[in-house]
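# Following is a predicted model, sequence given first.
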Amino acid sequence: MVEDLNEYLGQKAVDYMKALYNECVQKRTVIKSEFYSPNGIANDWWLSRLTPLIDSTAGRVTKILGSSLKIDERKKAEEKIGFQSNLLDCIKQAVIATDLKGQILYFNKFAEQHYQWPAKDTLKMNIMDVTVPQTSKEQAKEIMLELSKSESWSGDLKVQKKGGSTFMAHVIDSPIIDDDGKLIAQMLTKSVIFHFFNTIYPP
């Protein structure tokens, strides 16, 4: 059986699985792990779950229930999403995606620089509370209304940084439509156009 497993998964993956079994026995807890079998027949990504069965009298692990699931498609999807995210981070513009309620789903690196918000802190926050100053609230609501009709909007808008300072930006807001034509999210691209001008020549 071991030889068959070696042939199927490859020696490196089998050794990794043995280490997981030992960890499960020593810690007496459920172990979940993802691993790749590059050298065997499978050449797949796997999600493994090991559950120890403990003898209450002896107080030791007597059996281990193990299950493995191929997750190649999920890993490919994750890699694709990661690649697309890296592309957006290369754009020298603030790119922000929100759901239909305005909650932030994505905040690229350039947005972090200009709004001085860490991306992880903005997730699930409403964009109105992150980038829109009080003086632009009504205009921003009108823009969101246009987007809810699956219509794009572009123009100049005063936005704000985390500390409260404001600057002018050229904004392009676009609806994100799924394959069935249903509005599922909104993408906002913001280019700083007057920030440096106002710094040198304040109004």
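That came through fine.
# Every contact and neighbour count from this point should use C-alpha atoms.
Fine.
# Which elements pack onto the strand or helix carrying K18?
Per DSSP states H and E, K18 falls inside helix 11-27. Contacts defined by 3 or more Cα pairs under 8 Å, 6 or more residues apart in numbering; DSSP states H and E place helix 11-27 against strand 31-36, strand 45-55.
# Give me whichever of these is most buried.
Mean neighbour count (mean count of other Cα atoms under 10 Å) peaks for strand 45-55 among those, with a mean of 18.
# Would you mind getting the angle between it and strand 31-36?
With axes from the mean of the first three to the mean of the last three Cα atoms, to 10 degrees applied, the angle from strand 45-55 to strand 31-36 works out at 150 degrees.
# Give me the residues contacting strand 45-55.
Strand 45-55 has contacts (Cα atoms under 8 Å, 6 or more residues apart in numbering) with 20-21, 24-25, 28-37, 60-72, 75.
# one step back: which of the helices and strands packed on helix 11-27 sits closest to K161?
K161 lies closest, by Cα to Cα, to one member of the helices and strands packed on helix 11-27: strand 31-36, at 39.4 Å.
# Given the closest one, what are its sheet partners and their directions?
strand 45-55 (antiparallel) (DSSP bridges).
# Quick check: next helix or strand after the strand it pairs with?
strand 60-70.
# pLDDT on that next one, on average?
For strand 60-70, mean pLDDT is 82.
# Taking their axis directions, it and helix 11-27 sit at what angle?
140 degrees.
# And strand 60-70, what does it pack against?
Strand 60-70 sits against strand 45-55, with contacts defined as 3+ Cα pairs under 8 Å, 6+ apart.
# list the buried ones in stretch 135-151?
By neighbour count on 16 or more other Cα atoms under 10 Å, the buried set for stretch 135-151 is A140, I143, M144, E146, L147, S148, S150.
# need the residues you listed in CSV with distance to S174 and pLDDT, can you?
Shown next, in CSV, are these (distance: Cα to Cα, whole Å; pLDDT from 0 to 100):
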residue, distance to S174, pLDDT
A140, 14, 89
I143, 10, 87
M144, 10, 85
E146, 10, 85
L147, 7, 84
S148, 10, 84
S150, 8, 85
